[in-house]
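**Q** Any chance you can model this:
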Amino acid sequence: MSSLDLAREVLQIEAEGISALINQIDQEFDRAISLIMACKSRVIITGIGKSGIIGQKISATLNSTGTPSFFLHPVEAMHGDLGIVAPNDVVLALSYSGETTELNMLIPSFKERGIKTIAITRHRQSTLAINCDVVLTAEVPKEACPLGLAPTASTTATLAMGDALAVVLLEKKKFAASDFRKNHPGGSLGERLKVKVKEVMLSGDQMPVVDASASLREAIAILNKISMGAVLIIDESGEIKGIITDGDLRRLISQPEPVDIDKLMAADIMTPSPKMIAEDLLAADALSIMQRHEVTILPVRSQTGKLSGILHLHDLLGKGEFRMLV
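**A** Just a heads-up that it's a prediction; the model follows:
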């Protein structure tokens, strides 16, 4: 058999292994979902060897899709790390044979703490399956390894079962694309700019804002306190009347004639009717406005025209708060 034919055979065996899971999904899967949905804490995934590596991937997938999780190595658990497990956690134990000694030694400790356990294993007669509360079978027709020794199709099937759990939980929790982006601060600029302005704008006490009746001295104090390079001026109804930037202040004090700052009001030097953006538009639209008008700060208005937030160019480019949100 050529190397290409052998590679195709391996992939075919792996595909058949995953396909075999379809008929193994039963009410136990629903029970596993119910246990995890009812869990107020975390899903602890444990396994050793190749199953442990697959467990780490499943844990990462759960974390990024709205289900808090972490991987616990069985050996480390038996030497003190078991202390990190809380009574309101749920354990997902992985072992294809179901006879992994180190893993089976842990199950009684979980039970003593009242922790519910879910197994992903080959069959329900294994030691692991018998001692767990819920059993998900992931039996494959055969391994892709011609010796039948190296876990291949079986680990792929276990990973697929973990993905099935993660996706169903995602749907049950109504986990949205915006939630996914919040868990991925390292996403590309293109992905970051797909979110809506209201998802990434600064709001509330994070905004540098003064009332239209404020003095210039008060405006400068807010500008210094919230270092965004600008302060917004609003009226009593919350409508945006103007903006004062660092540049405005530099130009003011650079005038030939001395200026008495204490005699000026914020409204005296503000730029009225600044460029703004609606909160339901995309971050990409905000970047476009900034580039077109050569500004680095955009006030954000609500559907009623009131101030609802503020955006800075650095946030859109991933330097500040935006980077932590997407």
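**Q** Show which residue of the protein lies farthest from the average position.
**A** What lies farthest from the middle of the chain is residue 257; by C-alpha atoms, centre = their mean that is 54.1 Å.
**Q** and that one, what element?
**A** Element membership of residue 257 [criterion: DSSP states H and E] is none; it lies in no helix or strand.
**Q** What separation do you get for it and residue 226?
**A** Using C-beta to C-beta, to the nearest Å, we find residue 257 at a distance of 30 Å from residue 226. No exception for glycine: its C-beta is placed from N, CA and C like everyone else's.
**Q** Contacts for the helix or strand hosting residue 70 next, please.
**A** Per DSSP H and E, residue 70 falls inside strand 69-72. Under the criterion C-beta atoms under 8 Å, 6 or more residues apart in numbering, residues 42-46, 52, 55-56, 58-59, 62-63, 81-82, 84-85 lie in contact with strand 69-72.
**Q** Recalculate using a threshold of 10 Å.
**A** 36, 42-47, 52-53, 55-63, 81-82, 84-85, 89-93, 106, 166 (C-beta atoms under 10 Å, 6 or more residues apart in numbering).
**Q** repeat for stretch 12-25
**A** Contact with stretch 12-25 is made by 29, 123, 136-146, 152-161, 163-164, as judged by C-beta under 10 Å, 6+ apart.
**Q** Buried among the residues you listed? Need that as a selection in ChimeraX.
**A** A single ChimeraX command suffices to select whichever of the contacts of stretch 12-25 are buried according to 16 or more other C-beta atoms under 10 Å:
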select :29,136,137,138,140,143,144,152,153,154,155,156,157,158,159,160,161,163,164
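**Q** Which members of the contacts of stretch 12-25 occur in helices, if any?
**A** Counting by DSSP state H, these place 29, 153, 154, 155, 156, 157, 158, 159, 160, 161, 163, 164 in helices.
**Q** how near is the third one to residue 64?
**A** The gap separating residue 154 from residue 64 is 24 Å, by C-beta to C-beta.
**Q** go on, the last one?
**A** For residue 164, the distance to residue 64 under the criterion C-beta to C-beta works out to 16 Å.
**Q** residue ranges of the strands in the stretch 51-200 of the chain, please?
**A** 69-72, 90-94, 116-121, 134-137 (DSSP state E, counting those that start in this stretch).
**Q** Let's have those strands in a markdown table, adding distance to residue 201 and mean pLDDT.
**A** Below are the strands of the stretch 51-200 of the chain laid out as a markdown table (distance: least, C-beta to C-beta, whole Å; pLDDT from 0 to 100):
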| stretch | distance to residue 201 | mean pLDDT |
| --- | --- | --- |
| strand 69-72 | 30 | 94 |
| strand 90-94 | 36 | 97 |
| strand 116-121 | 40 | 97 |
| strand 134-137 | 43 | 98 |
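**Q** for those strands, which one sits closest to residue 307?
**A** strand 69-72 (39.3 Å; C-beta to C-beta).
**Q** Okay, now the sheet partners of the closest one, with direction.
**A** Neighbouring strands of strand 69-72 in its sheet, by DSSP bridges, are strand 43-46 (parallel).
**Q** mind giving me the domain ranges of the chain?
**A** 3-175, 189-325 (automatic domain parsing).
**Q** looking at those domains, which has the lowest confidence?
**A** Note on those: lowest mean pLDDT is at domain 189-325, with a mean of 85.
**Q** What sits closest to residue 253 if chain neighbours are left out?
**A** Excluding its sequence neighbours, the residue lying closest to residue 253 (C-beta to C-beta, 6 or more residues apart in numbering) is residue 259, at 6.4 Å.
**Q** State the distance from that neighbour to residue 41.
**A** 60 Å.
**Q** What of residue 100?
**A** Taking C-beta to C-beta, one finds residue 100 at 25 Å from residue 41.
**Q** just to revisit the earlier point, which among the contacts of strand 69-72 count as buried?
**A** 36, 42-47, 52, 55-63, 82, 85, 89-93, 106, 166.
**Q** OK, contacts around residue 302?
**A** 198, 238, 278, 279, 280, 308, 309.
**Q** Could you do residue 106 as well?
**A** By C-beta under 10 Å, 6+ apart, the contact set of residue 106 is 46, 72, 74-75, 77-78, 82, 85, 91, 93, 100, 117, 128.
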